[in-house]
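Colleague: 3D, please:
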Amino acid sequence: MRGVVSGNVGQVYKAEFVGQYFLLSFSVAESVYLGRDKGKESCWHKCEYWGRGAEAISSYLTVGQHVDVMGQAYLQKWTSKDGTPGKTLIVKANDVVLGASRQESPAATSGPPTPATTSAPPSRPAGQTTGFGDDDIPF
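Modeller: Numbers count the residues shown, from 1 in each chain. So this is what the prediction gives:
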């Protein structure tokens, strides 16, 4: 099953070489809308990203950062300490797109945003006019 998970990083579990391949393992919390009466709920996904792409983004991935994860989903079966069987949905990522972290987002900066500086409009060469007199304004 192919899918896209879009949400915030909850935890980074592993960022290391496993054999000759780099593994980046992390969780993502996705907000799921349940309807007008029920509101939103967080749905947690475990993601695995292998290879050079994982190695490249591993130092940039931070808790709370927005990510979009595209890849293949599969079920991993496990047994708890008390013997109860369980399943976890894991997304094996083909691509991960990093968004702004909480530290980089505009909401996290203190104070109002500063306006961009504007330059004065270019001046006309001497003797050149717009072609309109004071009484010829077109509005």
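
Colleague: Give me the nearest residue to Val32, chain neighbours excluded.
Modeller: Cys43 (4.8 Å; C-beta to C-beta, 6 or more residues apart in numbering). All C-beta atoms are positioned from the backbone trio N, CA, C, and that covers glycine.

Colleague: Show me the helices in the protein, by range?
Modeller: In the chain, the helices defined using DSSP state H lie at 52-57.

Colleague: low-scoring stretches of it, by residue?
Modeller: Across the chain, the ranges flagged by pLDDT under 70 are 101-139.

Colleague: so what's the residue nearest to Val32 up against?
Modeller: Applying C-beta atoms under 8 Å, 6 or more residues apart in numbering, we find Cys43 in contact with 29-32.

Colleague: Out of those, flag the one nearest to Ala93.
Modeller: Glu30 (14.1 Å; C-beta to C-beta).

Colleague: Roughly how far does the nearest residue to that closest one once chain neighbours are set aside sit from Lys87?
Modeller: Excluding the flanking residues, the one nearest Glu30 by C-beta to C-beta, 6+ apart is Gly7, at 3.6 Å. Using C-beta to C-beta, to the nearest Å, one obtains 20 Å as the distance from Gly7 to Lys87.
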